[in-house]
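>>> can you look at this prediction? I've put the sequence above it.
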Amino acid sequence: PPPTPPTPPPTPNIARTPPEEEEKNKALPKDDDEMNGGDDDENPNDSSSDRSAPLPGPPPNPRPKSPPNTPAARDRWARLRLSLTEALHHESLELELVNARLTFEQTKSDAVRSDRLQKSLRRDVERLMVDNARMAREEIESKRRAETIRGERDALRTVIHKLLGENAELAGRLDDIRAQRDGARRERRRRMALTESGEV
């Protein structure tokens, strides 16, 4: 690195003239230049003509001196450069260590969050599997109930057809019985009529 310039000397504190001294200075007789009103050739607005007057503001910084080019100075600057390099290297290592710790903590936090999410998803999957098994059992039971209802319906239909056939057969027998009854009644009335007429 470039050599560090030496620290500039502190700005001298210009003491202000006490009022008593100012009164004494006013009472003193003026010199010839002041009596004559100054030099005509000099510009009164030119600040360079009054070289004794102090310039306003702090004095200019002195020009920094270059470091001495001696073996001791070179050795001192080499040791300083080495110490600065080691300090920068140490700071860089500390920053890398801090970054590594932050990365580790972030990774650890992400792992914990991922583990919690995985457990939650596993519970959801298990719940869905239980619901799926229950729905499968309900579907099987529903199909079995539907088959049972279908069988009962077919059995009832067979019974109904059988009852309808028996009803038709009974209706035919009833018609035969009625016909025989009517025939017997007619035959009885005919005999009663013949008996009453004396033909029998």
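Received the coordinates, thanks. Numbers count the residues shown, from 1 in each chain.

>>> alpha carbons only for contacts and neighbour counts from here, please
OK.

>>> which sections of the protein are below the confidence cut-off?
Counting by pLDDT under 70, the chain shows low-confidence ranges at 1-68, 199-200.

>>> just the helices from it, written as ranges.
For the chain, helices defined by DSSP state H occupy the ranges 19-27, 32-36, 71-197.

>>> I'd like those laid out as CSV, including mean neighbour count.
Listed next are the helices of the chain as CSV, based on neighbours: other Cα atoms under 10 Å:
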stretch, mean neighbour count
helix 19-27, 9
helix 32-36, 9
helix 71-197, 12
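
>>> show me what contacts residue 76?
With Cα atoms under 8 Å, 6 or more residues apart in numbering as the criterion, no residue contacts residue 76.

>>> run through the residues that contact residue 79.
Contacts of residue 79 by Cα under 8 Å, 6+ apart: none found.

>>> going forward can the numbers begin at 11, since that is how I track them
Understood, numbering begins at 11; the last thing we discussed is residue 89.

>>> how near is it to residue 96?
Applying Cα to Cα, to the nearest Å, the value for residue 89 to residue 96 is 10 Å.

>>> one more: residue 112?
Counting by Cα to Cα - residue 112 and residue 96 are separated by 24 Å.

>>> let's see stretch 99-117 as CSV, backbone CA atoms only.
Coordinates of each C-alpha in stretch 99-117 appear next as CSV, following Å, rounded to 0.1, in the frame of the first residue of the first chain:
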residue,chain,number,x,y,z
HIS,A,99,-6.8,-11.9,5.8
HIS,A,100,-8.1,-12.4,9.4
GLU,A,101,-11.1,-10.2,8.7
SER,A,102,-11.8,-12.2,5.5
LEU,A,103,-11.6,-15.4,7.5
GLU,A,104,-13.9,-14.0,10.1
LEU,A,105,-16.4,-12.9,7.4
GLU,A,106,-16.3,-16.4,5.8
LEU,A,107,-16.8,-17.9,9.2
VAL,A,108,-19.8,-15.7,9.9
ASN,A,109,-21.2,-16.5,6.4
ALA,A,110,-20.7,-20.2,7.0
ARG,A,111,-22.5,-20.0,10.4
LEU,A,112,-25.4,-18.1,8.8
THR,A,113,-25.6,-20.6,6.0
PHE,A,114,-25.5,-23.4,8.5
GLU,A,115,-28.3,-21.8,10.6
GLN,A,116,-30.4,-21.2,7.5
THR,A,117,-29.8,-24.8,6.3
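
>>> all set now, cheers.
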